[in-house]
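Student: could you work out the structure for the sequence below:
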Amino acid sequence: MLNAVLEPDGLSATLGALADPSRRAILVRLAQGEATVSELAAPFSISLPAVSRHLAVLESAGLVVRGRSAQWRPCRLRPEPLKAVADWVGQYRIMWEQNLDQLEDYLRDIQTMPPIPPADV
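Tutor: Now for the predicted structure:
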């Protein structure tokens, strides 16, 4: 079982790619539509090669695909790996919602309890 956890998988690659804020910003831009590397690099204060390296990580994780249109290689978002992340996180969201529901029930119960009289000293 432990080996299954330690082996690289798509979810780990996606989470690793999402760990960098520049890569997340690139995905936000690509969610608006295709863009070239130059267009993606414009809002950043990093070099084109650095943006290309970020794109390579995103591409390796399956989050980005590069097409070919004449001399241009537009990049496009591939959102399917994000669904796997959402599904995985969703399991924990359900757990937290259940815990918060239990806390709400407990707080409601103690608010309706009669007050405890002070102890005689």
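Student: give me the number of residues near residue 40?
Tutor: 22 (other CB atoms under 10 Å). Where you see a C-beta, it was placed from the backbone N, CA and C, and this is true even at glycine.
Student: tell me which helix or strand comes right after whichever strand or helix holds it.
Tutor: Using DSSP states H and E, residue 40 falls within helix 37-41. Once the chain leaves helix 37-41, the next helix or strand it forms, by DSSP H and E, is helix 48-60.
Student: dump stretch 43-58 to PDB, restricted to CA.
Tutor: Backbone C-alpha positions of stretch 43-58 (Å, rounded to 0.1, in the frame of the first residue of the first chain) are rendered in PDB as follows:
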ATOM      1  CA  PRO A  43       2.700  40.100 -17.800                       C
ATOM      2  CA  PHE A  44       5.700  38.400 -16.100                       C
ATOM      3  CA  SER A  45       9.000  39.900 -15.300                       C
ATOM      4  CA  ILE A  46      10.800  36.700 -16.300                       C
ATOM      5  CA  SER A  47      12.500  35.600 -19.500                       C
ATOM      6  CA  LEU A  48      10.900  33.700 -22.400                       C
ATOM      7  CA  PRO A  49      13.000  30.700 -21.600                       C
ATOM      8  CA  ALA A  50      11.700  30.700 -18.000                       C
ATOM      9  CA  VAL A  51       8.100  30.800 -19.200                       C
ATOM     10  CA  SER A  52       9.000  28.000 -21.600                       C
ATOM     11  CA  ARG A  53      10.300  25.900 -18.700                       C
ATOM     12  CA  HIS A  54       7.000  26.600 -16.800                       C
ATOM     13  CA  LEU A  55       5.100  25.500 -19.900                       C
ATOM     14  CA  ALA A  56       7.200  22.300 -20.100                       C
ATOM     15  CA  VAL A  57       6.200  21.400 -16.500                       C
ATOM     16  CA  LEU A  58       2.500  22.200 -17.200                       C
END
